[in-house]
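J.: Quick one, structure for this:
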Amino acid sequence: MSDQPTVSDIFRRALEMRQANPGASYKDVEAQIVSEFGGTPLPLTAFLTIPEYDNIAPEEDWTAGLPIVLRGIQNDDWNDVAHGIIISLEQVENYPKESGREDDPAKEWRNRDKGIAGAEEKNLDKWMPADLMAMAKRNVK
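T.: Numbering: from 1, shown residues only. Down below sits the predicted model:
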């Protein structure tokens with residue numbers, strides 16, 4: 001581990017802790033984060049993100065604790081940083097359990113094409129010549 005961890009580094013470590021001891025409480029993991037990282041420099045605010053979770057959970061879930069992490073960084077407080085990481089961890093862990101993966105094809109409400117299919121067809125009919133449209137449909141099939 002480098003001298004200055006990123007928020008992603010700390011989050012991945014929290015995930016490792018939960019995998020190694022699934023029965024551990026979030027408070028235990030939070031205390032372990034403070035214990036392991038407390039003596040290191042706080043993360044840079046430029047890296048205040050957990051981008052690998054973009055396709056796993058909605059942004060509002062994986063970013064839930066980041067304002068608290070930012071407050072901890074600004075106040076030089078590892079307890080706030082750890083607490084914010086735990087909030088994001090809890091949200092990311094609970095999202096798949098409660099609603100399945102965001103990219104699950106069975107979740108029709110997440111199908112962004114469903115709501116625009118009619119308008120898309122109407123516009124294609126209006127703006128695309130019939131012979132070009134026929135050629136496009138043949139190529140798609």
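
J.: what residues go with each domain of the protein?
T.: Following automatic domain parsing, the chain resolves into domains at 7-99, 111-140.

J.: Could you single out the most deeply buried of the ones you listed?
T.: Mean neighbour count (mean count of other C-beta atoms under 10 Å) peaks for domain 7-99 among these, with a mean of 17. Bear in mind the C-beta positions are built from the backbone N, C-alpha and C, glycine included.

J.: Where does the prediction get shaky in the chain?
T.: In the predicted model of the chain, residues 1-2, 55, 99-115, 124-125, 128, 141 satisfy pLDDT under 70.

J.: rerun at 50
T.: The model of the chain has pLDDT under 50 over residues 1, 105-106, 109-110.

J.: tell me what the top helix by length along the chain is packed against?
T.: Longest helix of the chain, by residue count under DSSP state H: helix 78-99. With contacts taken as 3 or more C-beta pairs under 8 Å, 6 or more residues apart in numbering; DSSP states H and E, helix 78-99 sits against helix 7-20, helix 26-37, helix 59-62, helix 66-74.

J.: Tell me the first helix or strand C-terminal of it.
T.: Next along the chain after helix 78-99, taking DSSP states H and E as the criterion, comes helix 117-127.

J.: hmm, who's touching stretch 84-101?
T.: Stretch 84-101 is contacted from outside by 7, 10-11, 14-15, 18, 26, 29-30, 33, 50, 53, 56-58, 61-72, 102, 106-107, using C-beta atoms under 8 Å, 6 or more residues apart in numbering.

J.: Oops, could you answer that again for stretch 48-59 instead?
T.: 7-8, 11, 61-63, 66, 69-70, 73, 88, 91-92, 95-96, 101-103.

J.: just stretch 65-81 next, same as before
T.: Residues outside stretch 65-81 that contact it (C-beta under 8 Å, 6+ apart) are 7, 10, 33-34, 37-38, 42-43, 45, 48-50, 82-89, 91.

J.: how close does R12 sit to K122?
T.: As judged by C-beta to C-beta, to the nearest Å, R12 and K122 stand 46 Å apart.
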